[in-house]
Structure formats: structure tokens, C-alpha cells
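[1] Make a model of this:
(one chain, ligands or ions: 2)
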Amino acid sequence: MNWLDLPLIDKVHGVIRLPGSKSISNRILLLSALAEGVTTISGLLQSDDTSQMLAALRTLGISIQFSEDSNIEVTGCQGKFSVKEARLFLGNAGTAFRPLTAVLALMHGRYYLAGVPRMHERPIDDLVNALRQIGANIDYAGQSGFPPLKINPANIQSGAVAIKGDISSQFLSGLLMALPLTGKPMVVTVDGLLISQPYVALTLQQMARFGVHVEHESWQHFSMTGEQVYHSPGNIWVEGDASSASYFLAAGAIAGGPVRVEGVGHTSQQGDIRFVDALEKMGACVKMGDDWIECSSPRRSAVGKQLMAIDMDCNHIPDAAMTLAITAMFAQGTTTLRNIGSWRVKETDRIAAMSTELSKLGARIESGEDFIRITPPDGPFTANAAIETYDDHRMAMSFSLISLAAPVRILDPGCVAKTFPDYFEKFSILTR
Ligand SMILES: O=C(O)C1=C[C@@H](OP(=O)(O)O)[C@@H](O)[C@H](O)C1
Ligand SMILES: C=C(OP(=O)(O)O)C(=O)O
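    Numbers count the residues shown, from 1 in each chain. Ligands and ions are numbered 1, 2, ... in the order given. This next block holds a predicted model:
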């Protein structure tokens, strides 16, 4: 196993241009592929997760060209992939696997969808059960309820679909993006709780950019008329990744700042932008423009340490909440992050991974099925701890912040390639 040793850093400041949003990039790639017309995409994220989507779309017959100015041109298939039989490998990209399952289930072809071993431990039955209600013909090729999947030609009926949304919002997002392909009116009802709701809002926003409008009532009932098809908007732009922004903003809150990120701001469509509310609650100073956010440490504090602990429901920001868990190590008191049960079925069991690795630094941790409680050590953090990252990009990126208090070793740092291949180069800019 390789590693990266990060020395102790006592001050950070600087400006970071963010990579494109993973969630928007993969949605836009898929919608461009399904649309009528040619879409030129600028600002697309280039990382493992988007490579999986790009490779899958090419296998399905979509023409994708990179231009010299690093824009991408996608020629849409008007709702019908030319390739009717294919085997797709989708790594561990939830934003590729879930929407492609829904789209291919309606494509009248034969497809085999697989991923890395961890993807085969991430449930998908809530999506499969919903698709079966409208006539999809999907078999589990391995363990029931999990990828890999064998998709067979379907006999699609219009009507009502109920879908569960308490394990992942990506099932609902995938279903909604696929349904216009049926050409039929559809009504979708969320059966029970919907988690990670801002990602569903993001889905509807991207669909609207391609001309398809979905009505919804309180994020529980969704309806769309039958005649809507995706049309290319011509040129489209991907904003910076708000989850990737969280590491730099937290660094500014912890170690001086100001740190400015460019590419997200007031006008952002992403839910993780709300991470800044948590930083402000902890006492950090935050400023925001349309396209940038700046963060620095609290100016003064009544307590000995600068930042203050918080108790917060993080259901709306599941990814940036990992950054909060590390920020809690720099706060006075005990921080509780609640309603994060989805952490258990992401790149790794993130509640378990976070608990184990924070304990190595001397923190006291309490955790349950859907929460984590973090009390930082009374004294200095354990120096030179070797942090396991469990093939989870967010473990590697969030634990890099520990170097703001103690030297730390990040094992398998290359796992950041899932969403942010040059993360550590960008992080080092803050220390110059
Ligand atoms: O739809 C999306 O783009 C995402 C939704 C979230 O997943 P869950 O809905 O599974 O929480 C998030 O964690 C993931 O990184 C991206
Ligand atoms: C949960 C994540 O990824 P995925 O899209 O694979 O679910 C993530 O990026 O934190």
C-alpha cells in the first residue's frame, strides 16, 4: 500500500478553483446522451466517476468528442441507444449505476451492469422494485437486492410508481430521469421518508435544463406529462463541486484563512452549499458571492478553542457532513452529527470508518446506526497516525485536514481520483 505523509501546517490561505460538480456532470452527460441534438458541455468533472459514465455511454453508441478547449461535445440519441446489447462496468459510481439502471431498463435491450466489489454491496432493490411496477424485466446476477444486474427487454406500462427513498435518493433521481423515455404520463410517489432531498431538487433542475418539467408536491408526489422529450440546450456549463469545496472551506475555518473557493456561490444548485451554515454555527466567518465562497477562522471566541461544537441533522448534506466530522476535532466540546444512516451504504461504512480512524487520533467517539458523536482529545492529536481510507475518496480528503494540527499519514491517497484526482496538489496551494 502506498501513502502520503502530510506535515504539520499551522496556517492556510489562498484561492482554489474547484473541479466540476460530480452530481451535475453525470446527470448532464446522461441527459445530453438521451436528448435530441448536440450538447457542448464546459466545466465537466474529469474523474473516475465521470469516466465510468463516459465509457458506458460510448459503449452504448453515443458519440462523445473532447475539443481543444477541453469542452465535451455529446451527440444525443433521441431517447434510443443504438446498442441494444452490452456489458457495462461502472466502478463504484452511484451517479452512473443507479440512473443507467433505470434508463437501460426502459431501452428494450439486454444489458449486464456490474461494478467494483463494494458496488455489489450497495443495495439497489428499491430502484429495481419501482421499475418492475411499470413492467421492467431485471434479474439479479449475484446476490438478490444488489448489483450486478441483468436487464432484459421490458413491456412498459404507464401509471403510478411507488419508490422507497430512505436508503438513497439516487433511486428516485434515476427513475425520474428515465421516465420521460416511456413517452407516457407518470406519477411517482415516495413510499415513506426521502433522504438527501437536495439531490432530487438537483435532478429536477438538470431535467428542466433539457426541457422536461416535473411537478412535485412536498417532494413526495411527482408527476410528468407523457409527451415531453429531452432537447439539448446547445451549450451547458457545470458549476464547481460544492462537496469538494467543503475541505478547503473547513481548512479556512480551522487554520486562519481566508480561503476562497471559486466555482460555487449564492447561485449554486447543489445542496452541499449549505455546509457553510454549519461552519458559521461553529463560529467561522463566511462570505459568499454569486460564484465564490470565502471562509476564515472565528475572529474571537469566548472559549479557549476557536470553533464551537454543534449538534446537527445532516441528512441534507450527507457528503459534506464527513468534512464536519473532521472539523469537529478542532472545536470546543462534543459534536453530534445526526440522521446520517446513509453513510453505512456509501463507498465504505463511513460511520464505522470515521469512528475507527478518529479514535486513532485520540478522539472519543460514540456512534449508532445513524449518528456519530465526536469529542476531540484534551491534548494534542496523536502525531503521524496512519489513516486507512477504505477506498473512500472522502476519507482521504477529509483526513487531510488533520495536518492542520499534527503530521498525518494518508494511506492509499490515490482513492481521491473518484471525484478529485488532483486534490492533494490543490490542498498544498493553501500552505504556500
Ligand atoms: O444524486 C447524487 O448525485 C448524490 C446523492 C447522494 O447520495 P444518497 O442519495 O445515496 O445519499 C450523495 O451522497 C452522492 O454523493 C451523490
Ligand atoms: C456517496 C458518494 O458517491 P456515489 O455517487 O457513488 O454514491 C460520494 O461521492 O460521497
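[2] Which other helices and strands does the host helix or strand of T327 contact?
    Element membership for T327, per DSSP states H and E: helix 320-327. On a contact count with 3 or more C-beta pairs under 8 Å, 6 or more residues apart in numbering; DSSP states H and E, helix 320-327 meets helix 242-254, helix 275-281, strand 335-338, helix 350-360, helix 393-399. In this view, the C-beta of every residue, glycine as well, is placed from N, C-alpha and C.
[3] contact partners of that helix?
    For helix 320-327, contacts defined as C-beta atoms under 8 Å, 6 or more residues apart in numbering pick out 242-243, 246-247, 250, 253-254, 272, 274-275, 278-279, 282, 307, 310, 312, 314, 317, 335, 337, 340, 343, 350, 354, 358, 372, 374, 394-395, 397-399, 401-402.
[4] same question for stretch 179-192, mean pLDDT?
    The average of the pLDDT scores along stretch 179-192 is 96.
[5] Now do that stretch: everything it contacts.
    With C-beta under 8 Å, 6+ apart as the test, stretch 179-192 has contacts from 34, 79, 103, 106-107, 130, 134, 156-166, 172, 175-176, 207, 212, 219-230.
[6] Quick check on those: which are buried?
    Neighbour counting over the contacts of stretch 179-192 (16 or more other C-beta atoms under 10 Å) leaves 34, 79, 103, 106-107, 130, 134, 156, 161, 163-166, 172, 175-176, 207, 212, 219, 222, 224, 228, 230 as the buried ones.
[7] So which of these belong to strands?
    Among the buried ones among the contacts of stretch 179-192, the members falling in strands (DSSP state E) are 161, 163-165, 222, 224.
[8] Tabulate these in TSV, adding columns for distance to ligand 2 and pLDDT.
    Below are those laid out as TSV (distance: C-beta to the nearest ligand atom, whole Å; pLDDT from 0 to 100):
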residue	distance to ligand 2	pLDDT
V161	22	97
I163	17	98
K164	16	98
G165	14	98
F222	21	98
M224	24	96
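[9] Between all of those residues, which two are separated the most?
    Using C-beta to C-beta, these span at most 19.7 Å, a distance reached by K164 and M224.
[10] what about the stretch 151-300 of the chain, any weak spots by pLDDT?
    Applying pLDDT under 70 to the stretch 151-300 of the chain flags residues 300.
[11] For A242, which residues are in contact?
    Contacts of A242 (C-beta under 8 Å, 6+ apart): 21, 264, 268, 270-273, 275, 320.
[12] My error: substitute G109 in the last question.
    By C-beta under 8 Å, 6+ apart, the contact set of G109 is 81, 83-86, 151, 153.
[13] Could you double-check that T50 sits in contact with S25?
    Yes - T50 lies in contact with S25 (C-beta atoms under 8 Å); the separation is 5.0 Å.
[14] ok, and the closest non-adjacent residue to A386?
    If the residues on either side of it in the chain are set aside, A386 comes closest to R409, at 4.4 Å by C-beta to C-beta, 6 or more residues apart in numbering.
[15] how about the residues of this protein that lie near ligand 1?
    Applying C-beta under 6 Å from any ligand atom, one finds that the chain approaches ligand 1 through 23, 94-95, 168-170, 173, 195-196, 199, 318-319, 342.
[16] Nearest to M119 among those residues?
    G94 (8.0 Å).
[17] Verify the stated contact: the closest one with F171.
    No - G94 is not in contact with F171 according to C-beta under 8 Å; the separation is 9.9 Å.
[18] Could you check the pLDDT of the residue lying closest to D69 once chain neighbours are set aside?
    Spatial nearest neighbour of D69, excluding adjacent residues (C-beta to C-beta, 6+ apart): S42 at 7.9 Å. S42 is assigned a predicted lDDT (pLDDT) of 97.
[19] Equivalent analysis for Y390, please.
    Y390 is assigned a predicted lDDT (pLDDT) of 98.
[20] Mark out where each domain of this structure begins and ends.
    The chain breaks down by automatic domain parsing into domains covering 3-19+239-429, 22-236.
[21] Show the end-to-end separation of the last one, please.
    Using C-alpha to C-alpha, to the nearest Å, the span of domain 22-236 from its first residue to its last is 15 Å.
[22] State the distance from the residue nearest to D69 to ligand 1.
    For S42, the distance to ligand 1 equals 20 Å [C-beta to the nearest ligand atom, to the nearest Å].
[23] re the thing from before, ok, residues contacting the helix or strand containing the residue nearest to A386?
    Under the criterion of DSSP H and E, R409 resides in strand 408-411. With contact meaning C-beta under 8 Å, 6+ apart, strand 408-411 is reached by 1-6, 384-389, 396, 399-400, 402.
[24] what's the closest of those to T203?
    A396 (27.3 Å).
[25] Mind jotting down where the strands sit in the stretch 1-150 of the chain?
    Assigned by DSSP state E, counting those that start in this stretch, the stretch 1-150 of the chain shows strands spanning 3-6, 12-17, 38-42, 63-66, 72-75, 85-89, 110-114, 137-140, 149-152.
[26] Can I get these in a markdown table including mean neighbour count?
    Listed next are the strands of the stretch 1-150 of the chain as a markdown table, based on neighbours: other C-beta atoms under 10 Å:
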| stretch | mean neighbour count |
| --- | --- |
| strand 3-6 | 16 |
| strand 12-17 | 18 |
| strand 38-42 | 18 |
| strand 63-66 | 13 |
| strand 72-75 | 20 |
| strand 85-89 | 15 |
| strand 110-114 | 20 |
| strand 137-140 | 16 |
| strand 149-152 | 20 |
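[27] before we move on, the earlier item: how many neighbours does the residue nearest to A386 have?
    Neighbourhood size, R409 [other C-beta atoms under 10 Å]: 16.
[28] Same question for Q332.
    Look at Q332: counted by other C-beta under 10 Å, it has 17 neighbours.
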